[in-house]
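Participant: What follows is a protein structure lacking sequence information:
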């Protein structure tokens, strides 16, 4: 009987550890480049961004969550229950790309004293919903900052559209010039030079 209890507790420990490892590894690790100057860096960043977008939220294990009373919706409930959620993450965390950190420092979510990002949520009267909201906000902030530095080549369809717009612009410009030229010719042929 004792050995069975030991096995159960060992099993519980290993499943907890496995869950933690899965949570930590749900977010992809970005390429370790400070700038996206060459094509290889751009491609690596694009691959990372696609897999980061699929995650849709930051796992709870990667941020520090704090709870307090909020002034959001919920009536008297918010005076009694700590429903406001603040999610804090150090800006040098390994899941935040190096090339986006400069941009993140300029956002209003950056806290200079702790060198971290701080996102709060009081949208709902439920603490669990506010946790989900703050984690998805954190994900969106990091994703938007990282997207700003990734450039993509235009597709063949986009290039063709630009070429068609340029042709249309050139033809309109040529028509206007021909009209203006015709007006000037008509002025000079009125017999003024006799």
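Facilitator: Nice, I can see it. In this text, all values refer to a predicted model and were calculated from it rather than measured experimentally. Numbering: from 1, shown residues only.

Participant: Quick one: classify the nearest residue to residue 67 once chain neighbours are set aside as helix, strand or coil.
Facilitator: Distance criterion CB to CB, 6 or more residues apart in numbering; nearest residue to residue 67, sequence neighbours excluded, is residue 82 at 4.1 Å. For every residue, glycine as well, the C-beta is placed using N, CA and C. The three-state label given to residue 82 by DSSP: H, G, I helix; E, B strand; the rest coil is coil.

Participant: Which positions within stretch 88-103 qualify as buried?
Facilitator: Neighbour-count burial for stretch 88-103 flags 88-89, 91, 95-101, 103 (criterion: 16 or more other CB atoms under 10 Å).

Participant: and what of stretch 107-114?
Facilitator: Going by neighbour count (16+ other CB under 10 Å), the buried part of stretch 107-114 is 109-110.

Participant: Pull the residues that contact it.
Facilitator: For stretch 107-114, the surrounding residues in contact (CB atoms under 8 Å, 6 or more residues apart in numbering) are 88, 90-91, 104, 116-119, 141, 145.

Participant: Distance check, residue 33 against residue 150.
Facilitator: 12 Å (CB to CB, to the nearest Å).

Participant: Quickly list what's touching both of the two.
Facilitator: Counting by CB under 8 Å, 6+ apart, the residues touching both residue 33 and residue 150 are residue 45.

Participant: give me phi/psi at residue 86?
Facilitator: When read as degrees, to the nearest 10, the backbone of residue 86 gives phi -120, psi 120.

Participant: and it, how many residues sit next to it?
Facilitator: For residue 86, the count of nearby residues is 17 (other CB atoms under 10 Å).

Participant: can I assume it is in contact with residue 135?
Facilitator: No - with contact defined as CB atoms under 8 Å, residue 86 does not count as touching residue 135 (11.4 Å).

Participant: For residue 103, give me its contacts.
Facilitator: Here residue 103 is in contact with 145, 148-149 (CB under 8 Å, 6+ apart).

Participant: What distance do you get for the spatially closest residue to residue 105 that is not a sequence neighbour to residue 168?
Facilitator: Residue nearest to residue 105 in three dimensions, not counting chain neighbours: residue 91, with 7.1 Å by CB to CB, 6+ apart. Here the distance between residue 91 and residue 168 works out to 47 Å (CB to CB).
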